[in-house]
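take a look and give me a structure for this.
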Amino acid sequence: MTAMSNRFRKMGKRISFVPTMGFLHEGHLALMREGRRLGDKLVLSIFVNPTQFGPGEDFKTYPRDFNRDCALAEKAGVDILFTPDARDLYVKGSETYLHQEKLPGHLCGLSRQGHFNGVMTIVAKLFNIVVPHFAVFGEKDFQQLAVIRRMTKDLNFDIQIVGHPTVREPDGLAMSSRNSKLTPAQRDAALSLITSLRNARRSVKNKQTDSNQLIDKATELIQSYPETKIDYIKICDPETLDDVSNIDRPVLMALAVKVGKTRLIDNMILTPDS
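Residues are numbered from 1 along each chain as shown. Alright, predicted model coming up:
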């Protein structure tokens with residue numbers, strides 16, 4: 001992979017990179033289209049990274065369909081499909097992992113201890129191997145995007161990190177590989193996430209700026225559906241991810257909810273009228 005990237009660079013080609021865990025959907029395809037637009041060569045990686053899954057999480061049951069992924073990647077115009085093996089990326093005796101001080105101490109990082117250490121470590125490894133000019137990530141995983149931007153800056157990677165807006169199903173559900181695990185009834189419950197975000201956006205436009213009140217309303221709505229268990233609902237600063245109590249500037253509303261055994265996340269920027 002690195003030899004091929006170096007060959008592209010010597011030819012003056014600019015490399016775009018989209019790292020994924022596979023089971024591709026329209027959200028991933030949107031990232032690929034953006035990568036195709038930015039660069040001359042598009043690299044897609046598929047690797048279900050074991051170090052970002054905690055005990056009891058769904059590493060073994062994470063959905064996989066390699067043949068389908070290959071067909072979608074080819075149709076999207078991917079130049080290189082990079083599918084490393086865990087034994088190559090984590091050689092026997094591996095004991096070096098990245099750590100970040102502040103950003104992982106919010107949102108998903110609170111309940112998924114070590115998750116972002118695994119994310120940063122694998123992304124840094126992939127950056128070193130692929131050597132891209134651009135790397136494209138979805139804004140649905142807002143905290144992940146913030147963490148990777150910080151890591152890229154702190155470690156002096158000469159890579160432009162590009163965020164792409166969340167891609168949604170026609171009913172509003174944020175696209176995720178895990179959506180395939182939802183039963184029809186659970187999918188109805190899952191729509192409470194985007195409904196809560198839209199309600200909050202409408203409330204902020206109507207001058208309701210108390211974060212706790214907005215969070216309480218979202219909590220009540222989500223808990224009115226069966227099989228829902230809230231991990232967190234937060235309103236925070238988009239850069240630091242620190243909690244914001246009064247909305248007097250654009251803020252991030254982010255939530256994570258288990259519907260049945262499936263953990264879903266979503267977010268939206270809330271902007272008060274000036």
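
my read: T2 touches F127, true?
No: T2 lies out of contact with F127 (C-beta atoms under 8 Å); the separation is 11.0 Å. In short, each C-beta sits where N, CA and C put it, glycine included.

these two: who's more crowded?
F127 (20 against 10; other C-beta atoms under 10 Å).

got the contact list for that one?
17, 135, 152, 157, 159 (C-beta atoms under 8 Å, 6 or more residues apart in numbering).

check M253 too.
197, 200-201, 214, 218, 233-235, 267-270.

on contacts alone, who are the packing partners of the top helix by length along the chain?
Counting by DSSP state H, the longest helix found in the chain is helix 184-205. Packing partners of helix 184-205 (3 or more C-beta pairs under 8 Å, 6 or more residues apart in numbering; DSSP states H and E): helix 211-223, strand 228-236, strand 251-259, strand 262-270.

that one: how far from the chain's middle?
Centroid separation for helix 184-205 versus its chain: 19 Å, with C-alpha atoms, centre = their mean, to the nearest Å.

next, the angle strand 262-270 makes with it.
20 degrees (axes from the mean of the first three to the mean of the last three C-alpha atoms, to 10 degrees).

with just CA atoms, put helix 184-205 into CSV.
Extracted C-alpha coordinates of helix 184-205, given in CSV (Å, rounded to 0.1, in the frame of the first residue of the first chain):
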residue,chain,number,x,y,z
PRO,A,184,-39.2,-2.6,12.5
ALA,A,185,-40.4,-1.7,15.9
GLN,A,186,-36.9,-0.7,17.1
ARG,A,187,-36.5,1.4,14.0
ASP,A,188,-39.6,3.4,14.9
ALA,A,189,-38.0,4.0,18.4
ALA,A,190,-34.7,5.0,16.8
LEU,A,191,-36.4,7.8,15.0
SER,A,192,-36.9,9.5,18.4
LEU,A,193,-33.3,10.6,18.1
ILE,A,194,-33.7,12.8,15.0
THR,A,195,-37.1,13.9,16.2
SER,A,196,-35.6,15.1,19.5
LEU,A,197,-32.9,17.0,17.6
ARG,A,198,-35.3,18.7,15.3
ASN,A,199,-37.6,19.6,18.2
ALA,A,200,-34.6,21.2,20.0
ARG,A,201,-33.6,23.1,16.9
ARG,A,202,-37.1,24.5,16.6
SER,A,203,-37.2,25.4,20.3
VAL,A,204,-33.9,27.3,20.1
LYS,A,205,-35.2,29.2,17.1
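
compute the inter-axis angle for that helix and strand 228-236.
Using the same axes, to 10 degrees, helix 184-205 lies at 20 degrees relative to strand 228-236.

pull out the buried positions in helix 184-205.
Residues of helix 184-205 classed as buried by neighbour count (16 or more other C-beta atoms under 10 Å): 186-187, 189-190, 192-194, 196-197, 200-201, 203-204.

that helix vs strand 251-259, what angle?
160 degrees.

give me the contacts around helix 184-205.
Contacts for helix 184-205 (C-beta under 8 Å, 6+ apart): 168, 171-174, 179, 182, 214, 217-218, 221-222, 224-228, 233, 235, 247, 253, 255, 257, 259-260, 262, 264, 266-268, 270-273.

just stretch 169-176 next, same as before
By C-beta under 8 Å, 6+ apart, stretch 169-176 touches 25-27, 140, 166-168, 179, 187, 190-191, 193-195, 198, 264-266.

excluding chain neighbours, what is closest to P238?
L252 (4.5 Å; C-beta to C-beta, 6 or more residues apart in numbering).

can you pull up the bridge partners for that neighbour?
C236, I269 (DSSP bridges).

need the buried residues of helix 184-205 in JSON lines (columns: pLDDT and distance to L31).
Converted to JSON lines, the buried residues of helix 184-205 look like this (pLDDT from 0 to 100; distance: C-beta to C-beta, whole Å):
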{"residue": "Q186", "pLDDT": "98", "distance to L31": "26"}
{"residue": "R187", "pLDDT": "97", "distance to L31": "23"}
{"residue": "A189", "pLDDT": "98", "distance to L31": "27"}
{"residue": "A190", "pLDDT": "98", "distance to L31": "22"}
{"residue": "S192", "pLDDT": "98", "distance to L31": "26"}
{"residue": "L193", "pLDDT": "98", "distance to L31": "21"}
{"residue": "I194", "pLDDT": "98", "distance to L31": "20"}
{"residue": "S196", "pLDDT": "98", "distance to L31": "25"}
{"residue": "L197", "pLDDT": "98", "distance to L31": "21"}
{"residue": "A200", "pLDDT": "98", "distance to L31": "26"}
{"residue": "R201", "pLDDT": "97", "distance to L31": "24"}
{"residue": "S203", "pLDDT": "97", "distance to L31": "31"}
{"residue": "V204", "pLDDT": "97", "distance to L31": "29"}
